[in-house]
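K.L.:
coordinates for the following, if possible.
(one chain, ligands or ions: 3)
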Amino acid sequence: MAIDVILGLQWGDEGKGKIVDYLAKSYDVVARFQGGPNAGHTLKFDGKKFVLHTVPSGIFRAGLINLIGNGVVIDPTTLKKELENLDSAGFEYRSRLLVSKKAHLILPTHRYLDAANEAAKGKEKIGSTLKGIGPTYMDKTGRNGLRVGDILLDEFQQRYNNLKQKHLGLLEALPAIDFDLEKEEKNWFGALETLRSLKLVDGEYFINDQLSQGKKILAEGAQGSMLDIDFGTYPYVTSSNTVTAGVCSGLGVAPRTIGEVIGITKAYCTRVGSGPFPTELEDEMGELLRKEGAEFGSTTGRPRRCGWIDLPQLRYTIMLNGVTQLAITKIDVLNIFKEIKAATHYFYEGKNRMELPYDLCGVPVKPFYESFDGWQQSLADIHEFDELPAAAKGYLSFLEEKLGVPITMVSTGPERSSLILKNVGAEV
Ligand code: GDP
Ligand code: IMO
Ligand code: MG
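P.N.:
Ligands and ions are numbered 1, 2, ... in the order given. Okay, the predicted model is just below:
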């Protein structure tokens, strides 16, 4: 059995939570492999709405096991809040939620460092979600971090104190920020008790054992490929590998275990935070996309920047991830548009090009567009691909042809049920 992967091909918020929640019914295990509470994955079903940050999006499917993998960074306080939401909605998860002992912990001081680092950057700030992600991964790679398994050790408090002192020293050299460490520490240590009460496992053994038992596993990405630490629009990126390769290191599985890679893209494009965005619309068209798509961050509430779909960008992330199927989300957001555009290539350094430059931050690229007639009708009652308006089918066929990967899912609304399957019979 293989591990199938779902990940975002743009700058995040492509609708990963919705698609994972839909597909989870066909899997035995859903596993998060990177990122942390910077993620906000929205799920809507039976008139209910949930936003998950750390918990995998398979949690609402009875009987399905959800693993928070070693590549994830966990803030116990955020996790506790998420679990309280599940408790109050009456969902049983305790027997089905596993946490890798090798996942790293976000300390309160990691969040302060995030805020102080951003303040120090001034106008150049990343636009971080300020959840402590960067400083926590820095401590991981700097070999100073604390891991979930460490909370079971007698010397945990001492190790916490040592790391906290180091952080307080670093904070002295950065712009001052307001914080109440005593209060936050109290909450954090309280939340550690919740974490301690969960099933803490050797995730790599668990997942490989599931594989050898023939179980079906779905790896759920967070963020998007353009926020990848190596291949994204550096330095305006997150601090983990968001691409398929991150599944191997973030769960402890071999590359040959990777099966289908489902890449998700919106029918247009968004970005939240700073950094280059070649097809951004800073006009009333961009405003309209934001309004129609309700494009406000699931984690921070910030307005998302909006623009047209960008084919050179998508071809790049399809290549990096080895995408075998495409899911197109939020096509309904385009319902009211008379004209829809897609960037087909860029012009920079004197030539038309399909490739991204080394540094999108340093090389201004000029996108060229192809235009399409809109369909100007609701898609709400359409459940078969063939019933889509001709203009919508035309737009989707164009994307499929230019991107060279079959579209297997088209999402027409935020609800779990608003999904059209295409090429049914494809391996999902
Ligand atoms: P994720 O981070 O990739 O899981 O995406 P988010 O949850 O942050 O953002 C996607 C937003 O779009 C959420 O509010 C979803 O409820 C919503 N959404 C997902 N799919 C669709 C769709 O096909 N149409 C519309 N209109 N909204 C969608
Ligand atoms: P999901 O999983 C959209 C962006 C932030 C910022 C940059 C670095 O919901 O798609 P960080 O907090 O990681 O230091 O922020 O990355 N970012 C996201 N944008 N969706 C996300 O997650 C994101 N997670 C981080 O806005 O620009
Ligand atoms: Mg999101």
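K.L.:
find the closest residue to ligand 3 in the stretch 51-200 of the chain.
P.N.:
Residue of the stretch 51-200 of the chain nearest ligand 3, by CB to the ion: V51 (8.1 Å). In this view, the C-beta of every residue, glycine as well, is placed from N, C-alpha and C.
K.L.:
quick check, that residue in a helix?
P.N.:
No: per DSSP: H, G, I helix; E, B strand; the rest coil, V51 lies outside any helix segment and is strand.
K.L.:
begin at 10 from here
P.N.:
Okay, using 10 as the starting number, the last item reads as V60.
K.L.:
mind listing what it touches?
P.N.:
When contacts are counted by CB atoms under 8 Å, 6 or more residues apart in numbering, V60 is found next to 26, 49-52, 307-308.
K.L.:
out of the residues you listed, list just those in strands.
P.N.:
Of the contacts of V60, the ones assigned to strands by DSSP state E are 50-52.
K.L.:
re earlier: which of the contacts of V60 come close to ligand 1?
P.N.:
Residues of the contacts of V60 in contact with ligand 1 (CB under 6 Å from any ligand atom): 26, 49-51, 307.
K.L.:
now these as a markdown table including neighbour count and distance to F286?
P.N.:
Compiled in a markdown table, the ones next to ligand 1 among the contacts of V60 are given as follows (neighbours: other CB atoms under 10 Å; distance: CB to CB, whole Å):
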| residue | neighbour count | distance to F286 |
| --- | --- | --- |
| G26 | 25 | 22 |
| G49 | 19 | 19 |
| H50 | 26 | 22 |
| T51 | 18 | 22 |
| S307 | 17 | 19 |
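K.L.:
I'd like those as TSV, with distance to P144 appended.
P.N.:
Formatted as TSV, those follow (distance: CB to CB, whole Å):
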residue	distance to P144
G26	25
G49	20
H50	23
T51	26
S307	22
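K.L.:
closest one of the residues you listed to L190?
P.N.:
G49 (25.7 Å; CB to CB).
K.L.:
show me the contacts for the closest residue to D22 other than its chain neighbours.
P.N.:
Spatial nearest neighbour of D22, chain neighbours left out: T279 (6.0 Å); criterion: CB to CB, 6 or more residues apart in numbering. Contacts of T279 were listed using CB under 8 Å, 6+ apart, and they are 19-20, 22, 298, 302, 304, 313-316.
K.L.:
look through the stretch 10-159 of the chain and state the residue closest to ligand 2.
P.N.:
Nearest residue of the stretch 10-159 of the chain to ligand 2 (CB to the nearest ligand atom) works out as G21 at 2.5 Å.
K.L.:
what helix or strand does the residue nearest to D22 sit in?
P.N.:
If you go by DSSP states H and E, T279 is part of strand 278-280.
K.L.:
who does that strand pair up with?
P.N.:
Sheet pairing of strand 278-280 (DSSP bridges) gives strand 314-316 (antiparallel).
K.L.:
this structure: helices as residue ranges?
P.N.:
Along the chain, the segments classed as helices by DSSP state H run 25-32, 85-97, 117-130, 142-150, 165-181, 190-205, 212-221, 254-260, 293-301, 320-330, 399-412.
K.L.:
pick the most deeply packed of those helices.
P.N.:
Neighbour counts (mean count of other CB atoms under 10 Å) averaged over each of those peak at helix 25-32, with a mean of 25.
K.L.:
anything in that one near ligand 3?
P.N.:
No: Helix 25-32 lies apart from ligand 3 when judged by CB under 5 Å from the ion; the minimum separation is 7.0 Å.
K.L.:
what's that helix packed up against?
P.N.:
Counting contacts by 3 or more CB pairs under 8 Å, 6 or more residues apart in numbering; DSSP states H and E, helix 25-32 packs against strand 12-17, strand 50-54, strand 226-229, strand 267-275, strand 334-338, strand 416-420, strand 428-430.
K.L.:
contacting residues around it?
P.N.:
Residues outside helix 25-32 that contact it (CB under 8 Å, 6+ apart): 15-17, 39, 50-54, 60-61, 65-67, 69-70, 227, 229-231, 271, 273, 336, 338, 418, 420, 423, 425, 428, 437.
K.L.:
mind running it again at 6 Å?
P.N.:
The contact list for helix 25-32 (CB atoms under 6 Å, 6 or more residues apart in numbering) reads 15, 17, 50-52, 66, 229, 273, 336, 425, 428.
K.L.:
chain center to it: distance?
P.N.:
The chain centre lies 12 Å from the centre of helix 25-32; the measure is CA atoms, centre = their mean, to the nearest Å.
K.L.:
quick revisit: closest to E194 among the contacts of V60?
P.N.:
Closest to E194 out of the contacts of V60 is T308 (22.7 Å), distances taken as CB to CB.
K.L.:
and the nearest residue to that closest one once chain neighbours are set aside, what does it touch?
P.N.:
Closest residue to T308 apart from its sequence neighbours, by CB to CB, 6+ apart: G49 at 3.6 Å. By CB under 6 Å, 6+ apart, G49 lies in contact with 60, 62, 307-308.
K.L.:
ok, S427 to ligand 1 distance?
P.N.:
Note on S427: its distance to ligand 1, by CB to the nearest ligand atom, to the nearest Å, is 6 Å.
K.L.:
ok, now E379?
P.N.:
With CB to the nearest ligand atom as the criterion, E379 and ligand 1 are 23 Å apart.
K.L.:
just to revisit the earlier point, deepest-packed of the helices and strands packed on helix 25-32, please.
P.N.:
By mean neighbour count, with neighbours taken as mean count of other CB under 10 Å, strand 226-229 ranks first of these at a mean of 28.
K.L.:
that one - what's its average pLDDT?
P.N.:
What strand 226-229 shows for mean pLDDT is 98.
K.L.:
pairing partners for it, with directions?
P.N.:
Next to strand 226-229 in the sheet, as set by DSSP bridges, lie strand 12-17 (parallel), strand 38-41 (parallel).
K.L.:
let's see the longest one as PDB, backbone CA atoms only.
P.N.:
Pointing back at strand 12-17 there. Extracted C-alpha coordinates of strand 12-17, given in PDB (Å, rounded to 0.1, in the frame of the first residue of the first chain):
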ATOM      1  CA  ILE A  12       0.700   6.900   1.000                       C
ATOM      2  CA  ASP A  13      -1.300   9.300  -1.000                       C
ATOM      3  CA  VAL A  14      -0.600  13.000  -0.500                       C
ATOM      4  CA  ILE A  15      -2.700  16.100  -0.600                       C
ATOM      5  CA  LEU A  16      -1.000  19.500  -0.700                       C
ATOM      6  CA  GLY A  17      -1.400  23.100  -1.800                       C
END
